[in-house]
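**Student:** Any chance you could fold what I've pasted below:
(one chain, ligands or ions: 2)
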Amino acid sequence: MAEPKVCEDLLRERRKCTFDVTELTNLIDGGAQGTEERHYVENLVLNTEGLSTKNEVPEEYLSHKERYEYAVKKACILYEVLKEYAAKHNTMDAFKPTNKYRVTFGVVKDISPFMLHMGMFVPTILNQSDPEQMAEWLPQAMSMGILGTYAQTELGHGTFLRGLETTATYDPATEEFVLHTPTLTAYKWWPGGLAHTANHCIVVAQLYSKGVCYGVHPFFVQIRDTETHMPLPGVKVGEIGPKMGFQTANNGFLGFDHYRIPRRSMLMKNAQILKDGTYVKSKNDKLTYGTMVFVRVLIVTDVAYELSRAATIAVRYSAVRHQSQPKPGQPEPQILDYVTQQHKLFIGVATSHVFRVTGCWLWDSYSQVIADVGKGNMDQLPELHALACCLKAVCSRDATARVEEFRLACGGHGFMASSNLPIINGIVAATITYEGEYTVLMLQTARFLVKAWKQATLGNAMTPTVSYLVRFVNNDRVRWENRPEGIVSGFLAIAAGKTKAACESLQEYERSGMDYEDAWNSASVQLVNASEAHCRAILCEVSWRELSRLAAQSSPSLGKVLLQMGELYLIYWALEKRGDLLLYSTITGADIAKLQARYEVLLGLLRPNAVGLVDAFDIRDEILNSTLGAYDGRVYERLMEEALKSPLNAEPVNQSFHKYLKPLMMKAKL
Ligand SMILES: CCCCCCCC/C=C\CCCCCCCCCCC/C=C/C(=O)SCCNC(=O)CCNC(=O)[C@H](O)C(C)(C)COP(=O)(O)OP(=O)(O)OC[C@H]1O[C@@H](n2cnc3c(N)ncnc32)[C@H](O)[C@@H]1OP(=O)(O)O
Ligand SMILES: Cc1cc2nc3c(=O)[nH]c(=O)nc-3n(C[C@H](O)[C@H](O)[C@H](O)COP(=O)(O)OP(=O)(O)OC[C@H]3O[C@@H](n4cnc5c(N)ncnc54)[C@H](O)[C@@H]3O)c2cc1C
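**Tutor:** Ligands and ions are numbered 1, 2, ... in the order given. Next up, the predicted model:
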């Protein structure tokens, strides 16, 4: 059968595009070879028997239990296909932030029950086990001979890791640890795949030896029999129930009743317990938190990708949807022609690029610091932690706001499950909370900023990402320049100004008689604001530098568009933060009017390339899963086709009519 035709609106949009869409796709994939590899993986996966979702009942109509079973079945077939491919590649390459493995969304719309296995179980083994442990566990984990997850959060404590209650008490007589859940609040709660998928997990517990508590440490723990999958004696495990999203992630709870595991189950790359119970300290006890840093780094590119999916849906839909009649007698225009609609859409497209390039930069910094840590040099760990915390926090929160804006841009149809915006919304919204909650992570960065400000005022040497503070110690109003570099300087001045203000408040509270912790709490709104400003300055500085670099390497037509997106991001935020700029720079009302005018010019310049820009994200229909965003733009046909799949439409009259509605109506007639 011939492929349905692409709708006229999208054909016209594609003819307007001023740059080579494939060139941008290649740039996003890190080169033409990256695109080729991604296409290869996508074809491999989506052409595999049992993986295509084409003729299946949409997941949303399945019961909670069926949906989980469906996701497990698909995840298993998918793993077999990916294993063959990944076998040819270096393990860590599989974890690089590329779009190659996002093909999973073409198989299960929501989160895979294996996400935690690949996302945290394997990385923790890789980063925290000693060579002997790694040799034993890694091959089993990589081949799915064992199925794992990362069990850290408890019912009563998620953020405060030092407060975790699960205990691992060493018994030198048997050379075992005794894992125990002393209270209801000590139950592990949340880990993905824990409920009915995993048979092993990394358990983070308070280590006790010789009556001394040495704080939280990771343990490799078997929780189910590998043959029968029954929970092992002493293990209580189950599912936590339906959530706002993540329906197929299989989040679980877990408790132990004096459950014994061998001494060598403690991951011993950093700290160790010797046979007699002697504790050997890690070079840095924060290395235990390493997997979280790894995931926080990945989240930045992850939300960039989710934004690109939502953008593709909303922009294509906006090109197809016609509404209202601003000029009497004229046809209804595409909603994409309304400047307010462009304002909703284009910042989201630009933000996806900003987060992707910043996320790649962060990944490179992470790789460098972790290589140094491997050589025993921990100097850059605090800076990496501060950077990963604020970027994870701000990018996840901004991305969620942008996805919601994309949903609103699609009007009523954006509320349909078949648009896929609700599932994307759930996936992105969760990133604000998991792997460290927004405010909590912002306050971690604030700790670093407060110390950095002190160093700056003392005239001491500064680490790279905070070295800008020195420029503002004695002069907090920067001279305004109406160009991208000037906007970046303005954001650095805001960050320095807010850091200074937060530090001064902190000191003021202390001077008033408060102890440091209470003063910190009193100043914490300002401290979070300082972190946000610092992070925004980094996003502006790094993305403008990276997009300019990429533009210089691209064809002139693409280079121009990359710079337009970089500039749009800068101006959008300059306008959002105009009050701060008035405080911390010499910007005037006239400058702000010029920024507003330039912003409107940029919207106009990007308008002809809107569809080309989202086409360049190159997200196949099977991965997009959207009635509104498909490549051919057959929005209304798809909405109707999907509606007809509703089980309620399988019969003209539902039994509830006879059971309830008719008796109700009959009563009214009496
Ligand atoms: C063969 C087949 C192959 C197939 C191929 C498939 C390929 C697959 C492809 C890709 C797979 C990759 C996919 C990746 C996606 C992964 C998704 C994963 C989903 C995850 C789902 C969610 C998981 C979770 O949520 S896990 C739980 C996370 N929990 C948290 O984040 C808790 C948050 N709390 C904390 O982190 C901390 O407690 C804290 C930061 C709040 C600190 O609290 P505090 O009490 O202050 O801490 P303390 O211990 O006293 O420390 C104080 C000082 O320590 C410094 N510090 C803190 N943390 C760190 C750190 N991490 N690093 C360095 N330093 C740290 C802190 O700054 C203080 O320093 P100071 O000098 O004293 O100021
Ligand atoms: C979808 C999803 C998947 C998850 N997957 C996993 C997993 O696989 N493994 C796992 O171990 N965990 C997992 N988690 C748990 C997750 O890591 C925690 O929920 C997260 O770290 C937040 O901790 P919390 O729930 O204890 O929030 P809380 O810390 O209780 O936060 C509640 C509120 O208190 C505020 N607050 C807390 N402490 C402070 C403070 N010091 N200063 C100021 N404000 C504060 C927060 O800002 C927030 O507003 C998952 C969570 C979700 C939602």
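**Student:** Residue 232 against residue 222, yeah?
**Tutor:** Yes: contact criterion C-beta atoms under 8 Å: residue 232 and residue 222 qualify, at 6.6 Å. Heads up, the C-betas are built off the backbone N, CA and C, glycines and all.
**Student:** wait, is residue 277 part of a strand?
**Tutor:** No: counting by DSSP: H, G, I helix; E, B strand; the rest coil, residue 277 is not found in a strand; it is coil.
**Student:** count of residues packed around it?
**Tutor:** Neighbour count for residue 277, taken as other C-beta atoms under 10 Å: 17.
**Student:** how far away is residue 115 from ligand 1?
**Tutor:** As for residue 115, its distance to ligand 1 is 6 Å (criterion: C-beta to the nearest ligand atom, to the nearest Å).
**Student:** Pull the contacting residues for that residue.
**Tutor:** Residues in contact with residue 115 (C-beta atoms under 8 Å, 6 or more residues apart in numbering) are 192, 193, 249.
**Student:** same deal with residue 605?
**Tutor:** By C-beta under 8 Å, 6+ apart, the contact list for residue 605 reads residue 564.
**Student:** any idea how the protein splits into domains?
**Tutor:** Following automatic domain parsing, one finds the domains of the chain at 150-282, 440-460+474-615.
**Student:** could those be laid out in TSV, adding distance to residue 17 and mean pLDDT?
**Tutor:** Formatted as TSV, these follow (distance: least, C-beta to C-beta, whole Å; pLDDT from 0 to 100):
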stretch	distance to residue 17	mean pLDDT
domain 150-282	34	98
domain 440-460+474-615	3	97
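**Student:** could I get the ones you listed as a markdown table with distance to ligand 1?
**Tutor:** Formatted as a markdown table, the domains of the chain follow (distance: least, C-beta to the nearest ligand atom, whole Å):
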| stretch | distance to ligand 1 |
| --- | --- |
| domain 150-282 | 4 |
| domain 440-460+474-615 | 4 |
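**Student:** With distance to residue 110 added, can I get the ones you listed in TSV?
**Tutor:** As requested, those are exported to TSV (distance: least, C-beta to C-beta, whole Å):
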stretch	distance to residue 110
domain 150-282	5
domain 440-460+474-615	22
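**Student:** out of those, nearest to residue 306?
**Tutor:** domain 150-282 (11.5 Å; C-beta to C-beta).
**Student:** for residue 250, what are its contacts?
**Tutor:** Contacts of residue 250 (C-beta under 8 Å, 6+ apart): 68, 71, 72, 113, 192, 193, 194, 195, 196, 197, 239.
**Student:** Torsion angles phi and psi at the last one?
**Tutor:** Main-chain torsions, residue 239, degrees, to the nearest 10: phi -100, psi 150.
**Student:** picking up where we left off before, residue 360 is nearest to which of the domains of the chain?
**Tutor:** domain 440-460+474-615 (7.7 Å).
**Student:** And that closest one, how far out from the chain middle?
**Tutor:** Relative to its parent chain, domain 440-460+474-615 has a centroid offset of 21 Å by C-alpha atoms, centre = their mean, to the nearest Å.
**Student:** Up against ligand 2, what does the stretch 101-250 of the chain have?
**Tutor:** Taking C-beta under 6 Å from any ligand atom as the contact definition, the stretch 101-250 of the chain meets ligand 2 at 116, 150, 151, 152, 153, 158, 159, 190, 191, 192, 246.
**Student:** number of nearby residues for the residue of the chain found nearest ligand 1?
**Tutor:** Per C-beta to the nearest ligand atom, the residue of the chain with the smallest distance to ligand 1 is residue 119, at 2.7 Å. A count of nearby residues for residue 119, using other C-beta under 10 Å, gives 22.
**Student:** list the contacts for it?
**Tutor:** Taking C-beta under 8 Å, 6+ apart, we find residue 119 in contact with 295, 298.
**Student:** Repeat the analysis, applying 7 Å as the threshold.
**Tutor:** When contacts are counted by C-beta atoms under 7 Å, 6 or more residues apart in numbering, residue 119 is found next to residue 295.
**Student:** Could you give the backbone dihedrals for the residue in the chain positioned nearest to ligand 2?
**Tutor:** Across the chain, no residue is closer to ligand 2 than residue 158, which sits at 2.3 Å (C-beta to the nearest ligand atom). Dihedral pair for residue 158: phi -120, psi -50, per degrees, to the nearest 10.
**Student:** Residue 341: what's its closest spatial neighbour, skipping adjacent residues?
**Tutor:** In space, and not counting its chain neighbours, residue 341 is closest to residue 335: 5.1 Å by C-beta to C-beta, 6 or more residues apart in numbering.
**Student:** same deal with residue 61?
**Tutor:** That would be residue 647: by C-beta to C-beta, 6+ apart, it lies 5.9 Å from residue 61.
**Student:** now the one you found: how far from residue 580?
**Tutor:** According to C-beta to C-beta, to the nearest Å, residue 647 stands 53 Å off from residue 580.
**Student:** Likewise for residue 417?
**Tutor:** 39 Å.
**Student:** Neighbour count: those two, which is higher?
**Tutor:** residue 580 (22 against 16).
**Student:** In the helix or strand harbouring the more buried one, which residues are buried?
**Tutor:** In this structure, residue 580 is located in helix 578-584 according to DSSP states H and E. Neighbour-count burial for helix 578-584 flags 578, 580, 581, 582, 583, 584 (criterion: 16 or more other C-beta atoms under 10 Å).
**Student:** Could you do stretch 41-60 as well?
**Tutor:** By neighbour count on 16+ other C-beta under 10 Å, the buried set for stretch 41-60 is 41, 42, 45, 46, 51, 53, 59, 60.
**Student:** and the first one, what element?
**Tutor:** With secondary structure defined by DSSP H and E, residue 41 is part of helix 32-46.
**Student:** Just checking that helix against ligand 1, any contact.
**Tutor:** No: using C-beta under 6 Å from any ligand atom, helix 32-46 stays clear of ligand 1, coming no nearer than 9.5 Å.
**Student:** Now the helix or strand following that helix: average pLDDT?
**Tutor:** Proceeding N to C from helix 32-46, the next assigned helix or strand is helix 64-86, under DSSP H and E. Averaging pLDDT along helix 64-86 yields 94.
**Student:** Use 4 as the first number for this chain going forward.
**Tutor:** Sounds good: first residue 4 from here, last item helix 67-89.
**Student:** Can you name the next helix or strand after helix 67-89?
**Tutor:** Next helix or strand after helix 67-89 toward the C-terminus (DSSP H and E): helix 118-119.
**Student:** moving C-terminal of that next one, what's the next helix or strand?
**Tutor:** helix 125-131.
**Student:** Residue numbers of the protein in contact with ligand 2?
**Tutor:** Residues of the chain that fall close to ligand 2, judged by C-beta under 6 Å from any ligand atom: 119, 153-156, 161-162, 193-195, 249, 254, 433, 436-440, 442-443, 446.
**Student:** switch to 5 Å and redo it
**Tutor:** 119, 153, 155-156, 161-162, 193-195, 249, 433, 436-437, 440, 442 (C-beta under 5 Å from any ligand atom).
**Student:** If we only consider the residues you listed, which is nearest to residue 342?
**Tutor:** residue 433 (32.9 Å).
**Student:** contacting residues around that closest one?
**Tutor:** Contacts of residue 433 (C-beta under 7 Å, 6+ apart): 248, 249.
**Student:** Report the secondary structure state of it.
**Tutor:** helix.
**Student:** quick one: the strands in this protein?
**Tutor:** All strands of the chain, identified by DSSP state E, fall at 153-154, 170-174, 179-183, 191-192, 203-212, 215-225, 238-242, 255-259, 262-265, 275-276, 282-283.
**Student:** re the thing from before, considering the residues of the stretch 104-253 of the chain next to ligand 2, which possesses the most neighbours?
**Tutor:** residue 154 (31 neighbours).
**Student:** tell me which residues form a beta bridge with that one?
**Tutor:** Beta bridges link residue 154 to residue 206 when assigned by DSSP bridges.
**Student:** Many thanks, have a good one.
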